[in-house]
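Engineer: kindly return the folded structure for what I paste below:
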Amino acid sequence: MTEHGPRKARRVCAHVTAHTPEGSVLVDQHGRNQGLPGGRVRFGDDPAQVAHQAANLPPGAVLTPHDSYSEVVATADAAGPVLLHIDRIHYTCTLPAGTLLPTSRDPNLPALPQADELVTEEPQPNTPVLRRFGCYGVVTDTAGRVLLSRIAPGYPSAGSWHLPGGGVDHGEDIREALLREITEETGQHGNIGTLTSATYHRRPNATGPESSHTDLYAVWVFFRVHVSHPKPAVVSESNGSTADCAWFPPEELAHLRLSATARHGLAHPRGED
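Structural biologist: Numbers count the residues shown, from 1 in each chain. As a prediction, this is how the structure comes out:
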């Protein structure tokens, strides 16, 4: 425990809900508990690969991002109380008939691993690292326009057009974080729809708070967001990472300088509002 209360810690996990043609779901017999298979996403990991391996899926099994949510759990380790924030990414998968893996018809299985299995810290490298979990919106209105924000000078990829969104704070719900970012960056109020994709990004020698040679690793999740009553796009935050924002017809996107985050999110527009 710190002098201000429990130590705060973050974790990311990836899970699979794998259905058989008969309607059962794949389960993980984890100690005394039965639950949805999943694994801890460690620094540099591909979340989809973690989920695939945790479920022991056959080669070629296709994972589809399905949902992402946060949970905050009070737990403890040898040093004292820990307030653990866990961001979980769920994938779905259809198993072929006759798959010889343990299954269940229980619709309320917990996601494994649970908090007490995640409290141990990863070994710390010798070089500075920066880890982030970010959520972004593929934001559209009734006319089909796409909402983008422009990265301010002094930030990575300054001047490029970006998807509204950003980092999820400790203790913050993923969807609430996304709605907050959209309002701060563009002045819009939207309704969050489906998760469209999840990916990771790693950039060695990035500029971080401690060093210009920081190993940066981020996990990104993307949601469709619909704005039914669009307003003129206006940046409401001051001295932040957003310099400008605007609505764009889809045909103009190919002519814009887009951030890596925006390129990924716009290339995976799966799902409906």
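
Engineer: who touches stretch 49-69?
Structural biologist: 13-18, 26, 28, 37-41, 48, 87-96, 99, 101, 135, 173-175, 195-198, 221, 270 (C-beta atoms under 8 Å, 6 or more residues apart in numbering). Every residue, glycine included, has its C-beta placed from N, CA and C.

Engineer: rerun at 7 Å
Structural biologist: Stretch 49-69 has contacts (C-beta atoms under 7 Å, 6 or more residues apart in numbering) with 14-18, 26, 37-39, 41, 48, 87-93, 101, 174, 195, 197-198, 221.

Engineer: do the same with stretch 223-240
Structural biologist: 135, 137-142, 147, 152, 178, 182-196, 242, 244-247, 271, 273.

Engineer: which of those residues are buried?
Structural biologist: 135, 137-141, 147, 152, 178, 182, 184-188, 190, 192-193, 195-196, 242, 244-247, 271 (16 or more other C-beta atoms under 10 Å).

Engineer: looks to me like residue 182 is in a helix.
Structural biologist: Yes: applying DSSP: H, G, I helix; E, B strand; the rest coil, one finds residue 182 inside a helix.

Engineer: my read: it touches residue 176, true?
Structural biologist: No: taking contacts as C-beta atoms under 7 Å, residue 182 lies outside contact range of residue 176: 10.9 Å.

Engineer: backbone dihedrals for the residue most central in space within the chain, please?
Structural biologist: By C-alpha atoms, centre = their mean, the chain has its centre lying nearest to residue 221, at 3.3 Å. Main-chain torsions, residue 221, degrees, to the nearest 10: phi -120, psi 150.

Engineer: just the pLDDT for it.
Structural biologist: The model reports residue 221 with a pLDDT of 98.

Engineer: repeat for the one 3 residues further on
Structural biologist: At residue 224, the predicted lDDT confidence score is 98.

Engineer: from residue 198, how far off is it?
Structural biologist: 13 Å (C-beta to C-beta, to the nearest Å).

Engineer: and what of residue 249?
Structural biologist: For residue 249, the distance to residue 198 equals 27 Å [C-beta to C-beta].

Engineer: neighbour count winner among those two?
Structural biologist: residue 198 (25 against 10; other C-beta atoms under 10 Å).

Engineer: bridged to that one, which residues?
Structural biologist: Beta-bridge partners of residue 198, counted by DSSP bridges, are residue 221.

Engineer: identify the residues contacting it.
Structural biologist: Each residue near residue 198 by C-beta under 7 Å, 6+ apart is listed here: 47, 65, 68, 89, 220-221.

Engineer: how near is it to residue 48?
Structural biologist: Note on residue 198: its distance to residue 48, by C-beta to C-beta, is 7 Å.

Engineer: sorry, back to before: reformat the contacts of residue 198 as TSV; add distance to residue 115.
Structural biologist: Below are the contacts of residue 198 laid out as TSV (distance: C-beta to C-beta, whole Å):
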residue	distance to residue 115
47	18
65	23
68	17
89	16
220	23
221	20
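
Engineer: from those residues, which single one is nearest residue 123?
Structural biologist: Distance to residue 123, by C-beta to C-beta, is smallest for residue 47 among those, at 19.9 Å.

Engineer: isn't that closest one up against residue 221?
Structural biologist: No: with contacts counted by C-beta under 7 Å, residue 47 stays clear of residue 221, the gap being 9.1 Å.

Engineer: helix or strand for residue 230, which one?
Structural biologist: Following DSSP states H and E, one finds residue 230 outside all helices and strands.

Engineer: what's the burial count for it?
Structural biologist: Other residues lying near residue 230 total 20 when counted by other C-beta under 10 Å.

Engineer: go on, residue 215?
Structural biologist: Counted by other C-beta under 10 Å, the residues lying close to residue 215 total 19.
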